[in-house]
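A.B. asks: Dropping a prediction and its sequence here:
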Amino acid sequence: MNSRKPPVRVLTTRPPLTRMLALHRALQAAELPTATALAKQFEVSERTVRRDLDYMRDQLGLPVAWNPSRRGFEYTAAVLDFPGLTIDEGELFALLVAQKTLEAYRGTTLFVKLQRAFERLRSSLSDQVSFSSADALASISIRPLGTAAVDAVVFDALTRAIVARRVLRLKRQPLGDSKRVSLTLYPLHLSNVDGAWYLLAQDAATATVRAYHVSRILEVEALEHRFEPIPNFDPAEYFKASFGVFTKPDAHLQTVIINFTGLAADLVREREWHPSQKLKELPNGGLQLTLELGNLNEIIGWILRWGAEAEVIQPAALRKIIERTARQLVQAYVSK
C-alpha cells in the first residue's frame, strides 16, 4: 500500500474527482495517454486535461510526467492508491450536515456503513480544516418524523440483489391483509419517500413495475439467475405522476387545483411539493396550487392537514371526497 501522504492543503477548486480517478487509472495501466486522446475521452479541452494532470502532480503529489520518447503521460513511480482527498471547510460542513441525515437510514445496513465511512473521512481530514467538527455537528439537528423500521437483513439482501441484478423471491405482508404473498421480482431501485423505504421492482410474471414497502417484506431470497434491467429505467419518471409513491404507469393525469388561505398559504408557498406544481397568488394573501397527478389517494390526507384553510377547486371527484370526509369528522366529534 502506498504510504506517501500528499501535502496538507485546504483548496477551493479542483478537477472533478471522477475525471481524476479515470486519469489515475489510465496512468496506472501504463497506457501512456496523450492530452489529445484524454480531451476527446472526457469531452474537454487539451488545456483542461493538462491542468488536471498538473493538479494531480503539484497538489496531490503524484509522480505524473510526460515521456517524450514514448509520447504519452505516465507515472514515473509506482502508485498503488489514489491519495486522500483535499477538501475545504464549506465542503466538510456540508458532509457533516449530510451525516445528520443518517436517521433516514437507521435500521438498515447502510446506517452502520455510512456512519463508519463518515468517521473515517472526518478523521482523515482533521488536519486540513481549522474548525471543530464536533462543534459543527452540535450546531445542526434534523428531526425525522414517522421513520419506518426496516429489517437490516432484508435491506442488505435487496441492495445486493439490485447491484448484482439477481432475481428475488420474497414474501410480503400487504397493508390491511393478514395473508402473506409470495412474489418473484426483478429489483430495480430503492427509494426513500417521506421516511419509508420502497423497492421498485418488475414482477417476473406480469412485467409490471410497482413500489413495494420494504417494511412489509418479511423474507427475501436472491436466486442464482440474473435478469436484464429495463433499459434507461428512471425512478423520477416513475414517480412523477404520484404525490408520494402510489402511481400507475398509464394513469390519466388529472389537474388538481387547491386554494389556500391564512398561514396555510404561507407554508405551502415556502416549499416545492411536486415537480408539476404551479403557484398563483390570490387576493388577500391567498395562494392557488395546481398539480398534475395520476393518483389522488395520497393527496387526500395532505389536503386535510390544512383544515379549513385549504379548499379543493377541482377535480369535482376529489372535492366530494374531502367534503364527505369533513362531514364524517364532524360526526365523529359531535357529542352523543
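C.D. replies: Arrived safely.

A.B. asks: so how far is stretch 241-248 off the chain centroid?
C.D. replies: Relative to the centre of its chain, stretch 241-248 is centred 17 Å away, using C-alpha atoms, centre = their mean, to the nearest Å.

A.B. asks: Which positions within that stretch qualify as buried?
C.D. replies: In terms of neighbour count (16 or more other C-beta atoms under 10 Å), stretch 241-248 has its buried residues at 241-247. Yep, even glycine has a C-beta here, placed from its N, CA and C like the rest.

A.B. asks: Okay, the nearest residue to residue 325 once chain neighbours are set aside and residue 289: tell me how far apart.
C.D. replies: In space, residue 325 comes closest to residue 304 once its chain neighbours are excluded; the distance is 6.5 Å by C-beta to C-beta, 6 or more residues apart in numbering. In this view, residue 304 and residue 289 are 15 Å apart by C-beta to C-beta, to the nearest Å.

A.B. asks: Who has more neighbours out of the two?
C.D. replies: Between residue 304 and residue 289, residue 289 has the larger neighbour count (other C-beta atoms under 10 Å), namely 21 against 14.

A.B. asks: element containing that one?
C.D. replies: Taking DSSP states H and E as the criterion, residue 289 maps to strand 287-293.

A.B. asks: quick one: which of the buried residues of stretch 241-248 is nearest residue 325?
C.D. replies: Ranked by distance to residue 325 (C-beta to C-beta), the buried residues of stretch 241-248 are led by residue 243 at 16.4 Å.

A.B. asks: For that closest one, which three-state class applies?
C.D. replies: coil (DSSP: H, G, I helix; E, B strand; the rest coil).

A.B. asks: switch to numbering from 50
C.D. replies: Sure thing, new numbering starts at 50, so read that last one as residue 292.

A.B. asks: That one is in contact with residue 340, isn't it?
C.D. replies: Yes. Between residue 292 and residue 340 there is a contact under C-beta atoms under 8 Å: 7.3 Å.

A.B. asks: Give me the common contacts of those two.
C.D. replies: 322-323, 348 (C-beta atoms under 8 Å, 6 or more residues apart in numbering).

A.B. asks: quick one on the thing from earlier: how about JSON lines for the buried residues of stretch 290-297, with distance to residue 189 and pLDDT added?
C.D. replies: Shown next, in JSON lines, are these (distance: C-beta to C-beta, whole Å; pLDDT from 0 to 100):
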{"residue": "290", "distance to residue 189": "34", "pLDDT": "86"}
{"residue": "291", "distance to residue 189": "31", "pLDDT": "90"}
{"residue": "292", "distance to residue 189": "29", "pLDDT": "91"}
{"residue": "293", "distance to residue 189": "27", "pLDDT": "87"}
{"residue": "294", "distance to residue 189": "28", "pLDDT": "86"}
{"residue": "295", "distance to residue 189": "33", "pLDDT": "82"}
{"residue": "296", "distance to residue 189": "34", "pLDDT": "79"}
